[in-house]
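In: Here's a sequence, model it:
(2 chains)
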Amino acid sequence: MKKLSNIDWNKVERFLGSLKFAVVIILCFATAMIIGTFLESYYGTDFANRTVYKTTAFMLIQFGMLMSIIFAAFLRLPPKKRLYGFYTIHAGLIIVGVGSMITYIAGVDGSITLAPNEPSRQVILNKDVLKITYPEEGKQVTSDLPYTAFTTKIGDEYQGINVMEYLPFAEGKFVWTPSINKYPPEAPIHSSKYFFKNPFAEEEILLTLHPESSGEFQSTMNMGPLTFNYMPEKLSDCFEKPSASGIIIWNSDNGECFVPEEKGFPVKETSAKNRFLVFPLKDKLLTFFPDFSPYPVDSSFQTDQKSIIRTFSKRIFEQKPNLFLFGKKLAFYSKEDKKWIVQNIELKGKSVALPWMGAEISLLEHQENMVPFHLPVATIPIQKNGAIIKGDIRALRLEIMGKEYWATNYSPLSLLIGGKKVIIEVTKENLTLPFEIALSNFKMDKDPGTNNPASYESFVKLFDDGKMTDHHVYMNNPMKHSGFTFYQASYSQDSGGNYNTTLAVNVDQGRPLKYLGSLMLVFGGIWHYNLNKKKKKKETVA
Amino acid sequence: MKALILIALVTFGFSAQGAETYFCKKDLETMPTQQGGRVKPLYVHASEAIKALTGKSSVGDLSAVEAFCLLSLNGMGLPSAVNLEAKIEHVDAMKFFNLPKDEHNIPYETLLTREDDVRNEARSSKGTESYKKAMSKLFDNIFLYKEIKAGNNWLFANIQGKELTWVPLTTYLTEEKVVAQKTLTPMDPFLPVLLKSKADYDSAFGTKYIVEYYYAKAGLASIALLVSLVALMCLVLFKNFKIALSFATLSIVIQISLITLRVIVSGRAPITNMYETVLFSGAGALLLGLLLGHFKQEKLFVYMGLAYNVCTLMMLNFANGMLTATISPLVPVLRDNFWLSTHVTTIILSYGALALSWILANTVLIKRKLGKMDRKEVAQHEEIIYTTLKWGTTMLAAGIILGGVWADYSWGRFWGWDPKETWSLIVLTLYTAILHGRYTSWIQQGRFSTVTAAAFMSVMMAWFGVNYILASGLHSYGFSEGGAVFLGCFFLVQISILIATKDYSIETKKEAEPA
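Out: Take a look at the predicted model:
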């Protein structure tokens, strides 16, 4: 306190209000922005926000600008007629600054995605959070993650969950990890990595049957018209067995298989010429329609997808290009020879030629019971044409019961802690609206004769206080309701071809101040620069 | 179809010598057709298509429309001797086609046989970005060529009852129609059938689209360049202000007509792509120069306006790779005429005003270096630069704020650090720094011109650089290629001028060597 009183406040005031300080701070501001735009161009908007625009340093520069503006005006008091325009500009800027501060502190800026006819009230905000859910107790805990561009140590602990560090931008580095659970030795849980090549493309393909692998690793994959199907190793035997019906019956728990002809199960036909087959399992009879579904159907023709006994009809895979991979074997239907061909594919051996346009495939790696995993590694993101092409994983390293785990925005972690089920997610902060909205219709017009969208429009129903109102939201025509404003922002198509709409959601208490300040700034500018001089000239002439 | 070919061969086969042009005549130029989401005269579409394919506006002796028509007739089974050639500029692409050093052309017929190779090159993981872009563009062109040659690119208005559909030539020109017409006009039964589509369209929807035909034919941009150039020469070389002023006025009238025609054709404010912003800023700056010159009684404003105007018209006429005159439909977010015309117009006019200061600042730099200016003249010139700066900066501030209000209104936020927004703010802050700096001792008299000339680079960055170099963000609508090279050259030239004119001596005796 004593030190403060020693400062010559007049000097500070004169320094902050000086033209030199103004020029320096303006140039700092400009330099920071120039850096920001280039960072954004290479590394994406989010990275630029986290390293420049939304950092404390940049806020301080803006605060310095505000100080300079305030003191410059303050030093030029009492009012002089010549400076009225100048006062107006500076007052306008101060008001804009205050308005922006209010928006920054109290405003809401998020988005809401609506599927057709599904009411929603969840707005997604921009803040990264860690969400821990205990589904059995219906309990949910969220905690803010740091707003940073680089790996940050955290060191929080919550009921046995140690939150170690946060990687806001990461890419997955492929590794094999051991299984968490135990499996019987005959269980088909193997994974393979292949190298596929044709004249147009070459790609590494990882296929897995392991139940612990995350959603990015699958047992089927499409590449253009070609489909890769990964199957239990033992099933390859049955592809080779002679079978008039072309049907295989197999057990998904141990991969055992046989063809109906071997055991004398008759394949019959219904009156509508649909093939079916009945298989006795213990005291039950399972009925299969192999050309329609691998699963058995019950008396009301519902499929039982939990059944471990399944059928497979080779016929339905004969028309389109389908490649069946069984680890170290592969099978495909040769249209020339009109038969199924099964071939060995050696680990790290020669590539096997496939019958489609000079394609070939080789086996790079094979694991009997390891889990394929993308280990998050911190990186700097890269953007191309407005989309992040590298580093779009937000990952959190956790330590639970002495073991390391990862939760990312792509794959939440779910496990048992002390007998309780826990789901740990890295996600964005949510805001629950005090009312509900639903999309009743989405309309997209195209420019005549082209596929370019000419307009997108959402027809929205809003439910509040037991009343329902209809709204029409489109570009340049937002919907306003109890302080919230909804703008047409974007759209997407779900797997069923239905259009979902994304609306930007906004609350801005600083808006009137920003508008008022802006008006003052422009009029002040005209007054000071373009009217003042004229008067002065006239005065001098007179 | 066979009967059609027969009629065509019988009708035209014996009449002409040399290259057969069938019914591909001038009358077709004003036919309405639909392409790229708009109805336009065939002349415009054919010119654009031929230009895209060959880089030229005609094919040998054939006009674009004749070439387009003849090529389309292949789709009807009528052979034609049109030989379109693609222009291969990229070095690696020339290597790919084994072209000798000074040979850039390849016939499209040859390219058709290598279509798959071109596609594979464009999609392959090897090669530089620019090579892949060039190949991908070539692939698009081969596709366009194939489409035209199949007769599917030429669309005709087909009106049944009140329903308007656009059908390709091969569907529209049926044997039935031609045979029926043959009884009426046995000499040429084809052209009347085609022209009926125009007559039907005109009676149902009017002839507004023909404005674009006159617009395209008039070539006002070239005329304006000539007139402005003459005006500038009168002013600078012959020092005849009155003649210069009348030519400048004539030029501004031509440019305003050009802009007005574009507004009529497109039905929106004339500032939606790079071509239009350059046109508008040039015309706006000339108008501003003339007005300021009139009110302030200062000829220099007219000089600045004309010089900048000539620069922009040069770009419009010669920088076709970067600025395309094609009128296309807008992306949805820009379809608001009120905001588009207020926000973008203000920004572009402010760029125009700042460009005036840039012209004069460079003039001062060069003249001073050459020793043709004394201290008083420099001061006088800098006062004028200062005036344009004030106008430019005020308008820029107003434009940015209008943009903020529009963004608030349509995107839900006043400010979002989008690159275009940020760069316009950078420009504003830099010019504000200059305006403030003029009061301090940092920017002394004499250095002001240097700083102003340098600051215009930020305008170019905000205007072109964001689209051509940064190319991301919500504002990147007008993205086209070749701009990065242009911008690089601009920066290089401007920086060279700044360096070359760094040291100067002024004809005042007491002046010692500036350190």
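In: Looks like residue A:507 contacts residue A:108 (just checking).
Out: Yes: the pair residue A:507 and residue A:108 passes the contact test of C-beta atoms under 8 Å, sitting 3.9 Å apart. For glycine as for every other residue, the C-beta is placed from the backbone atoms N, C-alpha and C.
In: Please identify every residue contacting each of these two.
Out: residue A:484 (C-beta atoms under 8 Å, 6 or more residues apart in numbering or on different chains).
In: Not counting sequence-adjacent ones, nearest residue to residue B:353?
Out: residue B:392 (3.5 Å; C-beta to C-beta, 6 or more residues apart in numbering or on different chains).
In: likewise residue B:217?
Out: Using C-beta to C-beta, 6+ apart and skipping residues adjacent in sequence, the residue nearest residue B:217 is residue B:43, 7.2 Å away.
In: So what's the residue count around that neighbour?
Out: 24 (other C-beta atoms under 10 Å in any protein chain shown).
In: Please state the backbone phi and psi of it?
Out: phi -50, psi -50 (degrees, to the nearest 10).
In: Over to residue A:452?
Out: In terms of degrees, to the nearest 10, the main-chain angles of residue A:452 are phi -80, psi 130.
In: Now do the contacts for it.
Out: Applying C-beta under 8 Å, 6+ apart, the residues contacting residue A:452 are A:446, B:37, B:329, B:331.
In: Identify the residue nearest the residue in chain A that chain B sits nearest to in space, chain neighbours excluded?
Out: Nearest residue of chain A to chain B, counting by C-beta to the nearest C-beta: residue A:447, 2.9 Å away. In space, and not counting its chain neighbours, residue A:447 is closest to residue B:37: 2.9 Å by C-beta to C-beta, 6+ apart.
In: now residue A:382
Out: residue A:390 (4.2 Å).
In: any idea how far the one you found is from residue A:38?
Out: In this view, residue A:390 and residue A:38 are 17 Å apart by C-beta to C-beta, to the nearest Å.
In: gap between the residue of chain B at minimum distance from chain A and residue B:420?
Out: As assessed by C-beta to the nearest C-beta, chain A sits closest to residue B:37 within chain B, at 2.9 Å. Going from residue B:37 to residue B:420 by C-beta to C-beta gives 24 Å.
In: try residue A:401
Out: 51 Å.
In: Counting neighbours around each, name which of these two comes out higher.
Out: Remark: of residue A:401 and residue B:420, residue B:420 carries more neighbours, 21 against 11, as counted by other C-beta under 10 Å.
In: which residues does residue 359 contact?
Out: Since you didn't name a chain, this refers to chain A. Contacts of residue A:359 (C-beta under 8 Å, 6+ apart): A:196, A:197, A:198, A:226, A:353.
In: Oops, wrong one, chain B.
Out: Applying C-beta under 8 Å, 6+ apart to residue B:359 gives the contacts B:303, B:304, B:307, B:308, B:311.
In: so can I have a markdown table of those showing pLDDT and distance to chain A?
Out: Formatted as a markdown table, those follow (pLDDT from 0 to 100; distance: C-beta to the nearest C-beta, whole Å):
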| residue | pLDDT | distance to chain A |
| --- | --- | --- |
| B:303 | 90 | 21 |
| B:304 | 89 | 17 |
| B:307 | 93 | 23 |
| B:308 | 93 | 20 |
| B:311 | 92 | 25 |
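In: Counting neighbours, which of the residues you listed comes out on top?
Out: Going by other C-beta under 10 Å, residue B:304 tops those with 29 neighbours.
In: can you confirm that residue is in a helix?
Out: Yes: counting by DSSP: H, G, I helix; E, B strand; the rest coil, residue B:304 is part of a helix.
In: can you give me the strands for the stretch 101-250 of chain B?
Out: B:105-107, B:155-160, B:163-168 (DSSP state E, counting those that start in this stretch).
In: could I get the ones you listed as a markdown table with mean neighbour count and mean pLDDT?
Out: Listed next are the strands of the stretch 101-250 of chain B as a markdown table, based on neighbours: other C-beta atoms under 10 Å in any protein chain shown; pLDDT from 0 to 100:
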| stretch | mean neighbour count | mean pLDDT |
| --- | --- | --- |
| strand B:105-107 | 14 | 88 |
| strand B:155-160 | 18 | 85 |
| strand B:163-168 | 14 | 85 |
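In: closest one to residue A:472 among those strands?
Out: Among those, strand B:163-168 comes nearest to residue A:472, with 27.1 Å by C-beta to C-beta.
In: and the direction of the closest one versus that of strand B:155-160, what angle?
Out: If you take axes from the mean of the first three to the mean of the last three C-alpha atoms, to 10 degrees, strand B:163-168 sits at 150 degrees to strand B:155-160.
In: which outside residues touch strand B:163-168?
Out: Here strand B:163-168 has contacts from A:448-449, B:33-34, B:75, B:151-158, B:201, B:204-205, using C-beta under 8 Å, 6+ apart.
In: Buried ones only from those, please, as a PyMOL command.
Out: To isolate the buried subset of the contacts of strand B:163-168 in PyMOL, counting by 16 or more other C-beta atoms under 10 Å in any protein chain shown, use the following:
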select buried, (chain A and resi 448) or (chain B and resi 33+34+75+151+152+153+154+155+156+157+201)
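In: buried residues in stretch A:218-227?
Out: Of the residues in stretch A:218-227, A:219, A:221, A:223, A:226 count as buried by neighbour count, 16+ other C-beta under 10 Å.
In: Flag the least confident of the residues you listed.
Out: Taking the buried residues of stretch A:218-227 together, the minimum pLDDT is found at residue A:223 (83).
In: residue contacts, it?
Out: Applying C-beta under 8 Å, 6+ apart, the residues near residue A:223 are A:196, A:201, A:203, A:205.
In: Could you list the low-pLDDT ranges of chain A?
Out: A:1-5, A:530-542 (pLDDT under 70).
In: what's the distance between the longest strand seen in it and the middle of its chain?
Out: Identified as the longest strand of chain A according to DSSP state E is strand A:420-446. The chain centroid and the centroid of strand A:420-446 are separated by 13 Å under C-alpha atoms, centre = their mean, to the nearest Å.
In: do stretch B:37-55 as well
Out: In this view, stretch B:37-55 has its centroid 14 Å away from the chain centroid, taken as C-alpha atoms, centre = their mean.
In: And stretch A:284-294, by the same measure?
Out: Taking mean C-alpha positions (C-alpha atoms, centre = their mean), stretch A:284-294 and its chain are 38 Å apart.
In: Over to stretch B:218-225?
Out: Distance, centroid of stretch B:218-225 to centroid of chain: 13 Å (C-alpha atoms, centre = their mean).
In: Could you tell me which residues within it count as buried?
Out: Within stretch B:218-225, the residues scored as buried using 16+ other C-beta under 10 Å are B:220, B:221, B:223, B:224, B:225.
In: And stretch A:148-168, by the same measure?
Out: Going by 16+ other C-beta under 10 Å, stretch A:148-168 has these buried residues: A:149, A:151, A:154, A:161, A:162, A:163, A:166, A:167, A:168.
In: farthest pair in the residues you listed?
Out: That would be A:149 and A:161, which, of those, are the farthest apart (C-beta to C-beta) at 24.9 Å.
In: Dig out what the spatially closest residue to residue A:154 that is not a sequence neighbour forms beta bridges with.
Out: Closest residue to residue A:154 apart from its sequence neighbours, by C-beta to C-beta, 6+ apart: residue A:163 at 4.7 Å. Note on residue A:163: beta-bridge partners by DSSP bridges are residue A:156, residue A:398.
In: Before I go, just wanted to say thanks for your time.
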